[in-house]
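Undergrad: next comes the sequence, and after it the predicted model I'd like to discuss.
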Amino acid sequence: MEAEIIIKALKSFATPERKKTNEWFFKTGKGEYSEFDKFMGVRMPKVRQVAKQYGNSLAFNEIKILTDHPIHEVRHCGLIILVHHYQIGDCETVFNYYIDNIQAVNNWDLVDTTTPQIVGDYLFKHQEKLPLLLNYTHSPNLWERRIAIIATLAFIRQNEFNITLKIGKLLLNDTQDLIHKAVGWMLREVYKRDPNICKKFLQKNYKQLPRTTLRYAIEHMQKTERLKCLKGNFNVSN
């Protein structure tokens with residue numbers, strides 16, 4: 001099977017040192033967010049290399065072997081192959097597969113490197129389906145909530161900010177630091193394109209903002225302005 005060839009290729013790049021690093025970096029300790037994730041020890045550039053080398057003609061039944069796999073790097077390779085399929089024009093099939101197999105997208109790097117390209121892009125072009133993201137904001141699953149906000153990067157890149165601000169607002173009371181960081185990251189992306197819109201959002205929601213979200217959002221400001229914003233002083237144009 002072609003999936004087995006891909007898994008074998010990934011294993012050829014695995015090292016014990018990288019396995020240990022990945023397990024530490026992705027928090028696999030007891031009680032941490034990746035406690036039950038498993039790693040073989042492959043660097044991300046090699047995962048991308050294997051996906052590019054073998055993935056463009058891979059059938060969906062073979063992709064499913066990868067995305068259902070217990071090893072993190074194998075799942076990641078399968079998801080990157082899905083991005084390749086999406087980019088060559090099989091958009092609706094890939095989007096539906098992604099949503100139907102959303103349980104495979106179960107770590108922050110898997111979300112961040114595939115959700116904007118598939119879910120975000122598809123929903124930007126089919127905005128009647130946007131309630132999907134709003135539903136994800138209420139999910140008990142951490143990764144679905146992260147998908148909800150990270151998908152909006154595709155909208156930000158098209159200078160459409162409303163859905164980011166709406167979902168960001170819904171997630172401000174989330175208890176997970178990975179959501180605080182994700183919302184802050186998207187607000188920072190808004191700031192890069194329209195500083196005033198971002199600052200208005202921060203000003204309006206300042207008392208509710210997690211500190212991590214605020215720090216991420218203002219990262220590209222000048223130091224003096226950052227210090228003022230941390231104290232709730234925003235220079236906003238009408």
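TA: Looks like it arrived, so ask away. Numbering: from 1, shown residues only.

Undergrad: what does stretch 26-33 rub up against?
TA: Outside of stretch 26-33, the residues within contact range by C-beta atoms under 8 Å, 6 or more residues apart in numbering are Ser34, Glu35, Phe36, Asp37, Phe39, His72, Asn107, Asp109, Leu142, Gln176, Leu178. Quick note: C-beta positions are derived from backbone N, CA and C, even for glycine.

Undergrad: mind checking the end-to-end distance for it?
TA: Its start and end residues considered, stretch 26-33 measures 8 Å (C-alpha to C-alpha, to the nearest Å).

Undergrad: same thing with stretch 159-176?
TA: Length of stretch 159-176, first residue to last, C-alpha to C-alpha: 27 Å.

Undergrad: nearest residue to the middle of the protein?
TA: Compute the mean C-alpha point of the chain, and by C-alpha atoms, centre = their mean the closest residue is Asp112, 2.4 Å away.

Undergrad: of the contacts of stretch 26-33 - the most surrounded one?
TA: Most neighbours among the contacts of stretch 26-33, by other C-beta atoms under 10 Å: His72, with 24 neighbours.

Undergrad: which pLDDT value goes with that residue?
TA: pLDDT for His72: 98.

Undergrad: Leu230: neighbour count?
TA: Around Leu230 there are 13 other residues, counting by other C-beta under 10 Å.

Undergrad: for the residue nearest to the centre of the chain, give its distance to Ser237.
TA: 32 Å (C-beta to C-beta, to the nearest Å).

Undergrad: ok, now Gly168?
TA: Computed as C-beta to C-beta, the Gly168 to Ser237 distance reads 20 Å.

Undergrad: okay, these two: which has more neighbours?
TA: Just comparing Gly168 and Ser237: by other C-beta under 10 Å the higher neighbour count belongs to Gly168, 26 against 7.

Undergrad: could you dump the contacts of stretch 26-33 into CSV with secondary structure added?
TA: Putting the contacts of stretch 26-33 into CSV (DSSP: H, G, I helix; E, B strand; the rest coil) gives the following:
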residue, secondary structure
Ser34, coil
Glu35, coil
Phe36, coil
Asp37, coil
Phe39, coil
His72, helix
Asn107, coil
Asp109, helix
Leu142, helix
Gln176, coil
Leu178, helix
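
Undergrad: widest-spaced pair of those residues?
TA: Using C-beta to C-beta, the pair of the contacts of stretch 26-33 lying farthest apart is Phe39 and Gln176, separated by 21.3 Å.

Undergrad: so what's the residue count around the nearest residue to Phe13 once chain neighbours are set aside?
TA: In space, Phe13 comes closest to Lys46 once its chain neighbours are excluded; the distance is 4.1 Å by C-beta to C-beta, 6 or more residues apart in numbering. The local packing of Lys46 (other C-beta under 10 Å) involves 17 other residues.

Undergrad: isn't Lys46 up against Thr15?
TA: No: assessed by C-beta atoms under 8 Å, Lys46 is found out of contact with Thr15, at 10.2 Å.
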